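Engineer: whatever this is, show me its structure:
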Amino acid sequence: MMPANEGQSMLNALVHGLTEPPASDAYPAADRWGWFADLYTDPTWGLTAAVPEFPRIAAEQIAAACRAAADESATVEQWQAIKTLAMAGLAVDQQPRSLTSAWSVVADTCTDAIDHLDGVDFGGLEAVLGFAEAIFHRYPYPDPSAAIFINGALNAWGRQLDPSVRSAA
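Structural biologist: Numbering: from 1, shown residues only. Okay, here's the model as predicted:
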């Protein structure tokens, strides 16, 4: 099992630019949107696994919109509807901080999606860091679960880029 502080170390490396974040703008948008879809729904490391309070039905809609962005069939209206959902989630009082952070990830993803649809480069770093923040709120140090979820996300990105995995798919 990974030491609990390793997740924090990975986050610090991302924040300080010591390592490239997953799904950075150095990679094709389709690859990045595919990974962002999994960020919400992957059953082992996604937001619905890491933050069980995050509504699965919302995650499925967001993942579908990410997949639509990957294949260039997404619409501004689709993402505006998701942004409305995110704003409603953020407006709820008395919810766990992990859930508030998860809704912030959605809002950041919406901003990136609308930029993408407008032909503007998007980075996705805010969503990646927000994902880590949600996890750290849900599993504060020294709980090793945070590192497990973050490592799962990083490994998933690495597998997605691995040419041997791509050719097998």
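
Engineer: Ala88: neighbour count?
Structural biologist: Counted by other CB atoms under 10 Å, the residues lying close to Ala88 total 11. (Each C-beta comes from the backbone N, C-alpha and C, glycine too.)

Engineer: phi, psi of Gly124?
Structural biologist: The phi and psi values for Gly124, taken as degrees, to the nearest 10, are phi 80, psi 0.

Engineer: surely it touches Asp31?
Structural biologist: No: contact criterion CB atoms under 8 Å: Gly124 and Asp31 do not qualify, at 11.2 Å.

Engineer: check contacts around the residue most central in space within the chain.
Structural biologist: Nearest to the mean C-alpha position of the chain, counting by CA atoms, centre = their mean, stands Leu39 at 4.0 Å. Leu39 is in contact with 46-47, 66, 105, 127, 131, 153, counting by CB atoms under 8 Å, 6 or more residues apart in numbering.

Engineer: in a markdown table: the residues you listed, plus pLDDT.
Structural biologist: Shown next, in a markdown table, are these (pLDDT from 0 to 100):
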| residue | pLDDT |
| --- | --- |
| Gly46 | 98 |
| Leu47 | 97 |
| Cys66 | 98 |
| Val105 | 98 |
| Ala127 | 95 |
| Phe131 | 95 |
| Ala153 | 93 |
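
Engineer: give me the subset of those lying in helices.
Structural biologist: Among the contacts of Leu39, the members found in helices (DSSP state H) are 47, 66, 105, 127, 131, 153.

Engineer: could you identify which of those residues has the most neighbours?
Structural biologist: Counting neighbours by other CB under 10 Å, Leu47 leads the ones in helices among the contacts of Leu39 with 33 neighbours.

Engineer: picking that back up, so how far is His137 from the residue nearest to the centre of the chain?
Structural biologist: According to CB to CB, to the nearest Å, Leu39 and His137 sit 16 Å apart.

Engineer: and the contacts of Leu39, which two are furthest apart?
Structural biologist: Cys66 and Ala153 (14.2 Å; CB to CB).
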